[in-house]
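# Pasting the sequence and the predicted coordinates here, then a few questions.
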Amino acid sequence: KTNQRPSGTCGLGMSAVVLIHGMLGWGEERPFYGLAPTYFPLQHLRRMWHEGLVVAVDVGIASSDHDCACEAFAQLLGLRVDYGEVHSSSSDHVRFGTIFETALLEQWDATRPIHLVGHCFGCNTAIALCNLIAEDYWGIGTGPDWVLSVTCICPPLRGCSLPAALGLALQEGQQHAPAGALSSLTPLATLCQLAFRAQKRWPSLLQPLFNTRMDRQQQQGTCRDTIPSKHRVIRGQVDNLYKTYLIAVIAGSLEPLAPLAVMRKCAPFLCLAAASWISLLLVAWRARRRVHGEFQRLLALRWIRQIALGLICWSLASPCLALLTLCEPRLKKHRAALGLRLQVAMEPMRPFLHKWLAHPLLRLSAWAFGSENDGLVGLMSQRGFDRLTLGRVVPLSCMPKTQVSSTANEDVAFQALERGRWHVIHVPGADHCLGTWLDPYFTPHMYADLFGLLLRSNSGFHAPAPAAVSQVGGG
């Protein structure tokens, strides 16, 4: 399978920003036939970052961090995805994947390093990619100098509450998920497997709708292959990050919202809606004979019958025309342009979508997972960065402001950056949407602070790294 992507060129001394989405996310290739909004606020970020390109990779929606790292590397350089012989055999999937004919970055080496920015599980992908690049995993001469910084937004580097909620949490001494947990997820895995097979059966119709990017699976996989027990648990390794600037952005803890509380708040509105429908049905039942007579009188008119016939024909033909328009590859650029216009038109709706849709759902998720979390990832897994590396943690305050600005925070601007050390930015009032297009409150200010740090690392990336930095694997 081949894939053509738009390419870009980084000028001499320019460092590109590479964005890596989380689970069930997307990058440059937007779902719903290119009409959905971007996962990251790409247009805003490209206006803010003048030091190089801002690109977003598209990796598997539920793949391991190793597989996602291999897919991201192939997209950046325009190569065929190589998961590695040892890893593919141990994980029971094919070794080679999609061929990307066009690279997202035409120039990338030690003299033009990149900034990796991950959100949620994309953080683990970014760290895995940095480790593989430092080890020259693909044998093309990569090294630790190829990545200038790694930024983790809402990172589950020390685990996540989602596996525990699904029964996949590992006990002490275990290396793989228990078989009983996988059997309890068989219905979900079966539905996912059916979706994957349907997408392979009708790729031109279903891939533009929502591309799962799970081509690494065997053609004749089973439902248990959808949640593979041999894939290692996501963990944050920092073995080869001693030459890299490390930045972590931590959101705040959400107040849980119980389902019973939602039902109590919605009960008056539901009762009002039910009463309205019941009254409407009663009025229609009482006037049924009169309405039937008027309907018969209108059907006796010839021009009414012609209009009704035209509407019926159009209702039958319009879905076919819509499918042809959405599935035609030659109209992909036009659909993307239309999607950008729709996203611009939806900008005023972002506060409404976040406040009344995303935030309540994250609060319900916080209630389901328990403990302190930002709606999906427990704050416990976003703390203790001193355990991931023996270097000291440098906290950077990023208190929310009443009015979002595009200038960097003064507290962040004057902090000293060190390689191989975690620099933590706290955003107490934010939730798991931090860093994505859905968050209109904290995301612009956070990226202003973050890009200010990346600019400072850009100016000093030729400086030598500290001599004594211990390397400790995280997990």
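Great, that's in hand.

# In the stretch 201-350 of the chain, where is pLDDT below threshold?
Within the stretch 201-350 of the chain, the ranges that satisfy pLDDT under 70 run 215-239.

# which residues of it fall in helices?
203-206, 259-286, 288-299, 302-327, 332-346, 350-353 (DSSP state H, counting those that start in this stretch).

# what helices or strands is the fifth one leaning on?
Which is helix 332-346. Counting contacts by 3 or more CB pairs under 8 Å, 6 or more residues apart in numbering; DSSP states H and E, helix 332-346 packs against no other helix or strand. Heads up, the C-betas are built off the backbone N, CA and C, glycines and all.

# mind running it again at 10 Å?
When contacts are defined as 3 or more CB pairs under 10 Å, 6 or more residues apart in numbering; DSSP states H and E, helix 332-346 packs onto helix 42-48, helix 302-327, helix 350-353.

# for the third one, same thing?
When contacts are defined as 3+ CB pairs under 10 Å, 6+ apart, helix 288-299 sits against helix 302-327.

# Quick check: which of the helices of the stretch 201-350 of the chain is nearest to residue 248?
Nearest of these to residue 248, taken as CB to CB: helix 350-353 at 25.0 Å.

# Pull out the buried positions in that closest one.
350, 353 (16 or more other CB atoms under 10 Å).

# ok, and what's touching it?
For helix 350-353, the surrounding residues in contact (CB atoms under 10 Å, 6 or more residues apart in numbering) are 37, 41, 343, 346, 358-359, 433, 437-441, 443.

# tell me which residues in the helix or strand hosting residue 115 are buried?
Using DSSP states H and E, residue 115 maps to strand 114-119. Neighbour counts using 16+ other CB under 10 Å place 114-119 of strand 114-119 among the buried residues.

# quick one: pLDDT of residue 36?
If you check residue 36, the pLDDT there is 91.

# Ignoring the adjacent residues along the chain, who's closest to it?
residue 30 (4.8 Å; CB to CB, 6 or more residues apart in numbering).

# Check the gap between that neighbour and residue 435 for me.
Using CB to CB, to the nearest Å, residue 30 is found at 17 Å from residue 435.

# try residue 120
Per CB to CB, residue 120 is found 9 Å from residue 435.

# Any idea how many residues pack against the nearest residue to residue 432 once chain neighbours are set aside?
In this structure, residue 432 finds its nearest non-sequential neighbour in residue 375, 4.0 Å apart by CB to CB, 6+ apart. Other residues lying near residue 375 total 26 when counted by other CB atoms under 10 Å.

# still on that earlier bit, mind listing the shared neighbours of residue 120 and residue 435?
22, 152-154.

# Hmm, residue 347 is touching residue 38, no?
No - here residue 347 does not reach residue 38: they are 11.8 Å apart, not a contact under CB atoms under 10 Å.

# More neighbours: which of those two?
Set side by side, residue 347 and residue 38 show more neighbours around residue 38, with 21 against 14, by other CB under 10 Å.

# if I pick that one, what's in contact with it?
Contact analysis of residue 38 by CB under 10 Å, 6+ apart lists 19, 21, 26-28, 30, 44-45, 56, 339-340, 343, 436-437.

# cool, residue 48 as well?
Residue 48 touches 17, 41, 54, 406, 444, 447-448, 450-451, counting by CB under 10 Å, 6+ apart.

# can you give me the strands for this structure?
Secondary structure of the chain by DSSP state E: the strands cover 2-3, 17-20, 54-57, 80-82, 96-100, 114-119, 147-153, 245-251, 394-397, 422-427.

# by how many degrees do the last one and strand 147-153 diverge?
It stands for strand 422-427. Interaxial angle of strand 422-427 relative to strand 147-153 (axes from the mean of the first three to the mean of the last three CA atoms, to 10 degrees): 30 degrees.

# again with the fifth one
Put simply, strand 96-100 runs at 110 degrees to strand 147-153, going by the same axes, to 10 degrees.

# If you drop the residues flanking it in sequence, what lies closest to residue 21?
In space, and not counting its chain neighbours, residue 21 is closest to residue 39: 4.8 Å by CB to CB, 6+ apart.

# surely the one you found meets residue 118?
No - assessed by CB under 10 Å, residue 39 is found out of contact with residue 118, at 11.6 Å.

# okay, and the common contacts of those two?
Contact criterion CB under 10 Å, 6+ apart; residues shared by residue 39 and residue 118: 19-22, 435.

# Any chance of a markdown table for those, columns neighbour count?
Putting the shared contacts of residue 39 and residue 118 into a markdown table (neighbours: other CB atoms under 10 Å) gives the following:
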| residue | neighbour count |
| --- | --- |
| 19 | 27 |
| 20 | 29 |
| 21 | 24 |
| 22 | 26 |
| 435 | 30 |
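
# For those, give me TSV that also has distance to residue 129.
As requested, the shared contacts of residue 39 and residue 118 are exported to TSV (distance: CB to CB, whole Å):
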residue	distance to residue 129
19	12
20	8
21	13
22	14
435	18
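
# Out of the buried residues of strand 114-119, which comes closest to residue 255?
For the buried residues of strand 114-119, the nearest to residue 255 is residue 119 (22.3 Å; CB to CB).

# where's the closest one relative to residue 153, distance?
Taking CB to CB as the measure, residue 119 and residue 153 are separated by 5 Å.

# just residue 206 next, same as before
Taking CB to CB, one finds residue 206 at 30 Å from residue 153.

# which one of those two has more residues nearby?
residue 153 (31 against 17).

# pLDDT score for the more buried one?
93.

# if I pick the nearest residue to it once chain neighbours are set aside, what's in contact with it?
Using CB to CB, 6+ apart and skipping the chain neighbours, the partner closest in space to residue 153 is residue 435 (4.0 Å). Residue 435 sits next to 19, 22, 39-41, 117-120, 122, 151-154, 249, 251, 427, 442-443, 446-447, 450 when contact means CB under 10 Å, 6+ apart.

# before we move on, the earlier item: filter the contacts of residue 48 down to the buried ones, ChimeraX style.
The buried residues among those can be selected in ChimeraX (16+ other CB under 10 Å) with this line:
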select :17,41,54,444,447,448,450,451
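
# want to throw the contacts of residue 48 into CSV with distance to residue 210 and pLDDT?
What follows is those, written out as CSV (distance: CB to CB, whole Å; pLDDT from 0 to 100):
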residue, distance to residue 210, pLDDT
17, 25, 96
41, 20, 94
54, 23, 95
406, 33, 44
444, 27, 91
447, 26, 93
448, 32, 90
450, 29, 90
451, 30, 91
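
# Kindly indicate which of the contacts of residue 48 lies nearest residue 319.
Closest to residue 319, out of all of those and judged by CB to CB, is residue 41, at 33.0 Å.

# surely that closest one meets residue 442?
No - between residue 41 and residue 442 there is no contact under CB under 10 Å: 11.9 Å.
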